[in-house]
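Novice: got a sequence here, can you model it:
(chains A and B)
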Amino acid sequence: EDQVTQSPEALRLQEGESSSLNCSYTVSGLRGLFWYRQDPGKGPEFLFTLYSAGEEKEKERLKATLTKKESFLHITAPKPEDSATYLCAVQDFNKFYFGSGTKLNVKP
Amino acid sequence: ETGVTQSPTHLIKTRGQQVTLRCSSQSGHNTVSWYQQALGQGPQFIFQYYREEENGRGNFPPRFSGLQFPNYSSELNVNALELDDSALYLCASSAGQGRDEQFFGPGTRLTVL
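Specialist: Next up, the predicted model:
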């Protein structure tokens, strides 16, 4: 049973071409939703925490939003250095569930 | 501020052996979680320790066990290794007390032959 589903699995963008990544989830007691960035061979790097529907967080070219059943990571005018796998995770009480990630490739 | 560190970086074991992986949490963090990440997949939650007690567990068999020490560092032990245990093992620490964002170490790459 999948708790977290991310789409698309892979995304190729031209530099400057804005887009959004989706994370849908099914948990009984959401305590938090987290976005991470992971570069090849490295541990995930924390980006955002969202706690309640309607909440938004921003950092540089990234903006994360949350509804009752999904979250979006909006990437505005991406640069090649934004290329990475973006992971979404949800916390259900004392358990954490990660999606399989969206692999983003930004071409110059 | 020292980040999360893990050792060793890489490890090769044979099926049936036992392995211990180590993690030092970020300064000021009292909660440690362990994850297994297969190639091309997201991390799978193994368990979490808070103040030396197991505080949550994912769907992993009992041969996966752990410890947390008074300095909040942690160990992951895996007995009777199987080929499918080959993966990147990640440790993450958090400050607890409602601040649940986790900060990850670089991981230990385990290969089981």
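Novice: quick one, strands of chain A?
Specialist: A:4-7, A:10-14, A:19-25, A:30-38, A:45-50, A:56-59, A:62-66, A:70-75, A:84-92, A:95-98, A:102-107 (DSSP state E).
Novice: show me which positions of the first one end up buried.
Specialist: Applying a neighbour-count criterion of 16 or more other CB atoms under 10 Å in any protein chain shown, one finds A:Val4, A:Gln6 buried in strand A:4-7. C-beta: built from backbone N, CA, C; applies to glycine.
Novice: in space, what's closest to the closest residue to chain A within chain B - neighbours in sequence excluded?
Specialist: In chain B, no residue comes nearer to chain A than B:Gly56, which is 3.0 Å away by CB to the nearest CB. Distances taken as CB to CB, 6 or more residues apart in numbering or on different chains place A:Asn94 nearest to B:Gly56, at 3.0 Å, with adjacent residues excluded.
Novice: tally up the residues packed near the one you found, please.
Specialist: 17 (other CB atoms under 10 Å in any protein chain shown).
Novice: local confidence estimate at the closest residue to A:Glu15 other than its chain neighbours?
Specialist: Nearest in space to A:Glu15, with sequence neighbours left out and distances taken as CB to CB, 6+ apart, is A:Pro108 at 5.2 Å. Per-residue confidence at A:Pro108 stands at 95 (pLDDT).
Novice: separation between the residue in chain A positioned nearest to chain B and A:Gly43?
Specialist: Closest approach between chain A and chain B, counting by CB to the nearest CB: A:Asn94, at 3.0 Å. Between A:Asn94 and A:Gly43 the computed distance is 21 Å (CB to CB, to the nearest Å).
Novice: separation between the residue of chain B closest to chain A and B:Arg15?
Specialist: Summarising the geometry, the distance separating B:Gly56 from B:Arg15, computed by CB to CB, is 29 Å.
Novice: one more: B:Gly105?
Specialist: As for B:Gly105, its distance to B:Arg15 is 26 Å (criterion: CB to CB).
Novice: got any ranges where chain B has weak pLDDT?
Specialist: Judged against pLDDT under 70, the low-scoring parts of chain B cover residues B:1, B:97-99.
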